[in-house]
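> the sequence and its predicted three-dimensional model are supplied below.
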Protein chains: 2
Amino acid sequence: MNIALDAMGGDHAPREIVAGAVEAAREYGVVISLVGRPAAIEAELAKHDTAGLGLEIVPAAEVIEMDDKPARAVRNKPDSSMVIACNMVRDGRAQAFITAGNTGGALTAGILKVGRIKGVMRPALVTPFPTRKGFCVILDVGANADTRPEHMQQFGIMGSIYAERVFDVQNPGVYVLSNGEEAGKGNQLILSAYEALEQTPCINFCGNVESKEIMAGKADVVVTDGFTGNIFLKTSEALAGLVQSVMYEEFKRDPLSMAGALLARGGLRRVRRRMDDSQYGGAVLLGLRGPVIVAHGRSNATAIRHTVRVAKTAIEHDLTHRIEEAVLLSEGESLSELIPEPVIRSE
Amino acid sequence: MNIALDAMGGDHAPREIVAGAVEAAREYGVVISLVGRPAAIEAELAKHDTAGLGLEIVPAAEVIEMDDKPARAVRNKPDSSMVIACNMVRDGRAQAFITAGNTGGALTAGILKVGRIKGVMRPALVTPFPTRKGFCVILDVGANADTRPEHMQQFGIMGSIYAERVFDVQNPGVYVLSNGEEAGKGNQLILSAYEALEQTPCINFCGNVESKEIMAGKADVVVTDGFTGNIFLKTSEALAGLVQSVMYEEFKRDPLSMAGALLARGGLRRVRRRMDDSQYGGAVLLGLRGPVIVAHGRSNATAIRHTVRVAKTAIEHDLTHRIEEAVLLSEGESLSELIPEPVIRSE
């Protein structure tokens, strides 16, 4: 198993990325290709004891920066770490690609270079989302601005397999995000997607869900169009940030509250940890011929290590192949047609 | 000025509704028609000193309950407090309608009984939303499941007038909620709405906005389709609730944190107050021939009083007439055509 890791992407690259790779290689015994500028990577590796670890450097002269336009950057920077890493997945030299860099760049490089699984109409970005009980997965959170009902049907299939294979959820409950729980609630897109999901074999479709129930932990998989999913995710992050800054302002306003907050900092730290999704290992672009995983830009070594764990699990459980089978099944095609075709799988 | 108040709607009706009406009548000197079952209203009024206050009872035998289906309830309960109150606005016997009851029922009764302003294609539900700096207004948050770009153009006009007239914001900055700040971000609907808003006279359109910037206080008015707006609002409420329950759980886990939280309760109370929108007086269905205002189901007397204040301000500033003018102007029609037509205005 080989995982291509963009050593140059992220707010704390290459330091934290390389440190995370060292941790992951030691803990999970995987081989990690650090893709990027060799001198920078070597300098970071020198800070660690890497004897016996499966770490290799794959040179890439360019970097897709955070403010690069995705499509143009992927076209104009063929020697960038992202493009080279995606090419490795396409050619079977790696089974997954991880980056903490420019999300749009990663999605574009993934779709153009790694390529879609046969039968998948639109890849979708799936992310874990914290709930009172633990977490659920939600997709699409932004790979597609415009989504059709048949895309959302496939999102349901891919999300269900993802929850089952990567997070070991048995018979995951699949819901569609709507403006009311009852059947019949939603805009035209949601109503049509509901109908399509209801008729999809091999998934446990349970109907509509609202934000409140998602956060209470009712759903295992939440299906949404890429626009609404993006708004959902960013609104949640922004509201959590708003609460945090308002709390800080109000605690500062009187010494008693400030003292209380200091005393309660153990509890507050646990709250922050539970609300933090980095422990779940980033967002995955599903539907490609190898998982493309986008970690938070602010990822530290621990977040990168968790992301490698998710990649490893996805590869071991043959996520790509399972999605290909399920998508074909949902189209009513026979599974036997699939067998001759080579797919990317764990080694 | 007369405001029709549904005495029977809300979790704490009629007690808190009547108490709020008494407070508002005393503080703002308005006349309030308490619409509902006379015996229940009289029993509540008897608890207060109402001498000299402008309070009257308008009998209504029925109540649209929280679990009633809106359209059916409005049709089948012509003697309900909501329908009777809306008829008062339609007939000019009241200039605004307030309820803390079934939101769908209120919207349906408003649209069917009060009726739309000439030229308004779709009424929109607008609500104040707390930000770091204070609050903004956002619409539509749920009156329409499916929205077209031209509807959103009118939402921009109505929201702008609302912010200016009711909340005294000078030249309010109007933004459209999107999945990115740059022009060109968004789904097809947002792209078309952006174009329409850009060409709208008399509003200060400033482009796209993301959730994070909304909460930072960048926008005065946020335009969104009714589905996305509803998801935005409910996700914010749900996330705030999630943070609160996770905090409670984690504080309880160790005595030190619990003691700290108790010590900091003054600050925590101020946080809750800042995050609470009830002080801004509920959501208003804009585009009708008189404001229809939906207060939170859980409204207490204070929330009802604030809602009456919003209604009074809307009436005094002739909100309905101003919207009618602006909508006509945006269609390129001459203002002079408008003058002979009687409109609901403050007395």
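That came in fine, so what should we check first?
> contact partners for A:L45?
For A:L45, the residues meeting the contact criterion (Cβ atoms under 8 Å, 6 or more residues apart in numbering or on different chains) are A:V18, A:V22, A:L34, A:L55, A:I57. C-beta here means a position set from N, CA and C on the backbone, and glycine is covered the same way.
> so which of the residues you listed sit within helices?
With helices identified by DSSP state H, the entries of those that belong to them are A:V18, A:V22.
> which two from the contacts of A:L45 end up farthest apart in space?
Greatest spacing in these, by Cβ to Cβ: A:V22 and A:I57 (12.7 Å).
> which one of these two has more residues nearby?
Neighbour comparison, A:V22 and A:I57: the larger count goes to A:V22, with 23 against 18 (by other Cβ atoms under 10 Å in any protein chain shown).
> mind checking pLDDT for that one?
At A:V22 the predicted local distance difference test score is 97.
> the residue nearest to it when sequence neighbours are not counted and chain B, how far apart?
Nearest residue to A:V22, sequence neighbours excluded (Cβ to Cβ, 6 or more residues apart in numbering or on different chains): A:H48, at 4.5 Å. As judged by Cβ to the nearest Cβ, to the nearest Å, A:H48 and chain B stand 34 Å apart.
> again with A:E182
A:E182 sits 10 Å away from chain B when distances are taken as Cβ to the nearest Cβ.
> one more: A:A196?
Applying Cβ to the nearest Cβ to A:A196 and chain B gives a distance of 18 Å.
> same check, this time on A:F155
With Cβ to the nearest Cβ as the criterion, A:F155 and chain B are 16 Å apart.
> with A:E56 instead?
According to Cβ to the nearest Cβ, A:E56 stands 36 Å off from chain B.
> elements contacting the worst-scoring helix or strand of chain A on mean pLDDT?
Of all the helices and strands that make up chain A, the one with the lowest confidence by mean pLDDT, DSSP states H and E is helix A:265-275; it has a mean of 85. Of the remaining helices and strands, those touching helix A:265-275 by 3 or more Cβ pairs under 8 Å, 6 or more residues apart in numbering or on different chains; DSSP states H and E are helix B:226-253, helix B:255-263.
> returning to that earlier point: helix, strand or coil: sort out the residue nearest to A:V22 for me.
Per DSSP: H, G, I helix; E, B strand; the rest coil, the secondary structure class of A:H48 is coil.
> residues from the stretch 51-200 of chain A in reach of chain B?
Neighbours of chain B within the stretch 51-200 of chain A, by Cβ under 8 Å from any Cβ of the partner chain: A:130-132, A:142, A:145-146, A:177, A:179, A:185-188, A:190.
> which of these are buried?
Buried residues within those, counting neighbours by 16 or more other Cβ atoms under 10 Å in any protein chain shown: A:P130, A:T131, A:G142, A:A145, A:D146, A:L177, A:N179, A:K185, A:G186, A:N187, A:I190.
> so who does the residue nearest to A:V22 touch?
A:H48 neighbours (Cβ under 8 Å, 6+ apart): A:V18, A:A19, A:V22.
> for those, which one is nearest B:A4?
The shortest gap between B:A4 and any of those belongs to A:A19, at 65.8 Å (Cβ to Cβ).
> how near is the closest one to A:A295?
Spatial separation of A:A19 from A:A295 under the definition Cβ to Cβ, to the nearest Å is 13 Å.
> in chain A, where is pLDDT below threshold?
In the predicted model, chain A carries pLDDT under 70 at residues A:277-281, A:332-347.
> quick check, A:G290 in a strand?
No - in this structure, A:G290 is coil, not part of a strand, as judged by three-state DSSP.
> hang on, isn't it packed against A:T320?
Yes - in this structure A:G290 lies within contact range of A:T320 using Cβ atoms under 8 Å: 6.1 Å.
> care to break chain A down by domain?
As given by automatic domain parsing, the domain ranges for chain A are A:1-120+A:287-322+A:332-347, A:121-279.
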